[in-house]
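# any chance you could fold what I've pasted below:
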Amino acid sequence: GGTSAEVKQIITVEPAPPAFSFFPADAHINTQQTLDPTVLGIAEGESPCKQEFDIFSVDSEPKAVEGECGKWTIERKWTITPYFSEQVCTGTYAESSSRVQTIYVTDETAPVFTFTPEAAVVVPFFENFRAETNPIPLTEEQTHADFAGMNLVAEPTTTRSEDGPLVRQSAAAGDEGTCRVRGLAQHTRTWTTTDKCGNSRSFSQT
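Numbering: from 1, shown residues only. Below is the predicted model of the structure:
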């Protein structure tokens with residue numbers, strides 16, 4: 001009679017690793033806004049065999065955008081990685097996958113005045129009229145606390161003053177109808193601070 005043989009083929013099926021089920025879009029923010037993932041989006045994942053997994057993110061150092069003033073990019077790398085759990089899912093694997101969310105940051109904010117001279121100053125005529133004899137305002141660039149230490153500011157800044165015309169308010173006795181200005185007169189001095197990208201803020205002094 002004939003002979004027969006039995007051959008067994010063993011097929012091992014490894015479970016699919018967890019994967020992202022939701023991934024946040026790239027973000028465009030300015031330096032006054034937060035980098036918080038709860039605002040910019042948090043990646044989510046799922047596992048076909050219900051294995052537990054972890055999702056975490058790591059931010060790169062800011063990188064200046066070439067040829068653009070006051071613009072940087074930060075790459076937020078999201079990684080999804082499984083836990084080992086033979087009770088939940090057969091097979092062993094340590095397959096992680098990663099995706100990058102790009103955060104575009106722009107400095108759109110003018111420097112702020114940290115010190116300003118008095119808003120109204122009374123002086124004898126021609127005394128303290130020139131800007132260089134007046135206290136000069138102090139300014140600085142400020143960002144959201146999330147950017148502390150990153151130096152994402154459009155420095156340097158410049159501060160300039162511009163004087164408006166001298167306007168006569170009232171005349172001293174005997175000066176009516178003359179060109180003398182012994183009475184009250186005033187002019188407005190406008191201080192403007194500007195960063196290198198053109199963001200500016202002004203303060204007026206009378």
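# so what's the spatially most central residue of the chain up against?
By CA atoms, centre = their mean, the chain has its centre lying nearest to residue 31, at 1.6 Å. Listed by CB atoms under 8 Å, 6 or more residues apart in numbering, the contact set of residue 31 reads 105-109, 143-144, 147, 152-153. No exception for glycine: its C-beta is placed from N, CA and C like everyone else's.
# can you put those in JSON lines and add secondary structure and neighbour count?
Compiled in JSON lines, the contacts of residue 31 are given as follows (DSSP: H, G, I helix; E, B strand; the rest coil; neighbours: other CB atoms under 10 Å):
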{"residue": "105", "secondary structure": "strand", "neighbour count": "25"}
{"residue": "106", "secondary structure": "strand", "neighbour count": "19"}
{"residue": "107", "secondary structure": "coil", "neighbour count": "23"}
{"residue": "108", "secondary structure": "coil", "neighbour count": "15"}
{"residue": "109", "secondary structure": "coil", "neighbour count": "20"}
{"residue": "143", "secondary structure": "coil", "neighbour count": "19"}
{"residue": "144", "secondary structure": "coil", "neighbour count": "17"}
{"residue": "147", "secondary structure": "helix", "neighbour count": "22"}
{"residue": "152", "secondary structure": "coil", "neighbour count": "22"}
{"residue": "153", "secondary structure": "coil", "neighbour count": "21"}
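# find the nearest non-adjacent residue to the residue nearest to the centre of the chain, please.
If the residues on either side of it in the chain are set aside, residue 31 comes closest to residue 143, at 4.2 Å by CB to CB, 6 or more residues apart in numbering.
# check contacts around the one you found.
For residue 143, the contacting residues are 31-32, 107, 109, 150, 152-153, taking CB under 8 Å, 6+ apart as the criterion.
# again, only using 7 Å
Taking CB atoms under 7 Å, 6 or more residues apart in numbering as the contact definition, residue 143 lies against 31-32, 152-153.
# out of those residues, who's nearest residue 6?
Within the set of these, residue 152 lies nearest residue 6; the separation is 70.6 Å, counting by CB to CB.
# can you show me the helices along the chain?
37-40 (DSSP state H).
# below-threshold pLDDT in it: ranges please.
1-2, 12-15, 84-94, 122-134, 166, 168-185 (pLDDT under 70).
# may I ask you to name the longest strand in the chain?
strand 71-82 (DSSP state E).
# show me the residues around residue 160 that make contact.
For residue 160, counting by CB under 7 Å, 6+ apart, the contacting residues are residue 192.
# do you know how far it is from residue 195?
13 Å (CB to CB, to the nearest Å).
# mind checking how far the residue nearest to residue 31 is from residue 22?
Counting by CB to CB - residue 143 and residue 22 are separated by 29 Å.
# what does residue 11 give?
The gap separating residue 11 from residue 22 is 33 Å, by CB to CB.
# now swap in residue 10 and tell me
Here residue 10 is placed at a distance of 37 Å from residue 22 (CB to CB).
# the two: who's more crowded?
Each of residue 10 and residue 22 had its neighbours counted (other CB atoms under 10 Å), and the higher figure belongs to residue 22 (10 against 4).
# hang on, that one packs against residue 44?
Yes. Using CB atoms under 7 Å, residue 22 is in contact with residue 44, at 4.0 Å.
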